[in-house]
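Undergrad: what's the 3D shape of this:
(one chain, ligands or ions: 1)
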Amino acid sequence: MARADTLARARTLDRPDLAYLVRFPAADGAGETELTWAELARDTDWVAARLREHGLTAGQRALLTMSGFEGFWGHAAIGALRSLKVTYGIAEAMGWDHRRTSVFHRELRPHAVIGLSAETLEGLSGAADLGELFRPTAVVLARPAAVPMLRAVGVPACLFSPLGPALALECPERAGAHVNAAEWRIGERDGELSVAAGEQRASPLAETPLGVAGRVVAGRCACGSDDPRVLFGEADQLS
Ligand SMILES: [Zn+2]
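TA: Okay, the predicted model is just below:
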């Protein structure tokens, strides 16, 4: 058992700067970068600001659906929910765990569902009407493949997606998913998205094609943010 004096001594130890080694899917296999505690803290602040724009506030409840290997953004999202004093539950985003999403959604009655995947929706659709399930949920932030499935049944879902080591999060304007321009440079070539470390980032990442179809929208969003926005999908079916 940890004793108070043991914890006090532990607090005086040097803490390494490195929080995570991030591996992410890229066009030519796995990309890699580092993530320091300072970067994670800034990412967390950015996510908290985005969730605040969606109206998340103290005393509400949220359901986060993510996979264990997505810890680099999951940690930022969890930290953001904690800083907003939003109570949260976590379900795995892979299809086999859709029942946990269903149980949490029924029992927690969350104000927000964050990170909903197409695999989870496909699992749920066997036993439930997706529109009836999620229309009463005030904020639904879903992955690119899940957003059209939700909008088709009258759920005004917003985009939420890992983008390499970055996170893309759509504001209530639903005009594309914002990426933090202070931390990342998002590019587009031949209809495919790429990411590189931005000026603030201490951990290096050269421009890395992600093998993800999409388009970058520059210019100020109606929400007032100058962070660039990402639209996912082929040119003729962008969401
Ligand atoms: Zn916006």
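
Undergrad: ok, the longest helix seen in the chain near the ion or not?
TA: Ordering each helix of the chain by length in residues (DSSP state H) puts helix 37-53 first. No - residues of helix 37-53 contacting the ion under Cβ under 5 Å from the ion: none, with a closest distance of 7.9 Å. C-beta coordinates here come from the backbone N, C-alpha and C atoms, glycine included.

Undergrad: Return the list of helices and strands in contact with that helix.
TA: Contacting helix 37-53 under the criterion 3 or more Cβ pairs under 8 Å, 6 or more residues apart in numbering; DSSP states H and E are the following elements: strand 18-26, helix 71-83, strand 166-170.

Undergrad: now for these, which one comes closest to Arg220?
TA: Closest approach to Arg220 among the helices and strands packed on helix 37-53 (Cβ to Cβ): strand 166-170, 15.2 Å.

Undergrad: What strands flank the closest one, and is each parallel or antiparallel?
TA: Using DSSP bridges, strand 166-170 pairs in its sheet with strand 158-163 (antiparallel), strand 177-178 (antiparallel).

Undergrad: With respect to burial, which of these scores highest?
TA: A comparison of those by mean neighbour count, using mean count of other Cβ atoms under 10 Å, puts strand 177-178 on top with a mean of 28.

Undergrad: hey, where'd the strands end up in this protein?
TA: Using DSSP state E, the strands assigned to the chain run over residues 18-26, 29-36, 61-66, 87-92, 112-116, 139-142, 158-163, 166-170, 177-178, 184-189, 192-197, 208-217, 229-232.

Undergrad: hang on, the earlier thing: among the strands paired with strand 166-170, which comes closest to the ion?
TA: strand 177-178 (5.7 Å; Cβ to the ion).

Undergrad: Show me what that closest one is in contact with.
TA: 50, 158-161, 163, 168-171, 221, 225, 227-232 (Cβ atoms under 8 Å, 6 or more residues apart in numbering).

Undergrad: Now with 6 Å, please.
TA: Leu159, Ala168, Leu169, Glu170, Ser225, Asp227, Arg229, Val230 (Cβ atoms under 6 Å, 6 or more residues apart in numbering).

Undergrad: ok, now which ones touch the fifth one?
TA: Same thing as Ser225. Counting by Cβ under 6 Å, 6+ apart, the residues that Ser225 touches are His178.

Undergrad: likewise the first one?
TA: The contact partners of Leu159, taken as Cβ under 6 Å, 6+ apart, are Val147, Glu170, Ala177.

Undergrad: Any chance of JSON lines for the residues you listed, columns pLDDT and distance to Gly131?
TA: Output for the contacts of Leu159, formatted as JSON lines (pLDDT from 0 to 100; distance: Cβ to Cβ, whole Å):
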{"residue": "Val147", "pLDDT": "96", "distance to Gly131": "14"}
{"residue": "Glu170", "pLDDT": "97", "distance to Gly131": "20"}
{"residue": "Ala177", "pLDDT": "98", "distance to Gly131": "23"}
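
Undergrad: Next, format the residues you listed as CSV and append distance to Ala8.
TA: Formatted as CSV, the contacts of Leu159 follow (distance: Cβ to Cβ, whole Å):
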residue, distance to Ala8
Val147, 48
Glu170, 44
Ala177, 43
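
Undergrad: What residues does this structure have near the ion?
TA: Cys171, Glu173, Cys221, Cys223, Ser225.

Undergrad: Can you tell me which of the contacts of Leu159 lies closest to Gly123?
TA: Each of the contacts of Leu159 was scored against Gly123 by Cβ to Cβ, and Val147 proved nearest at 17.0 Å.
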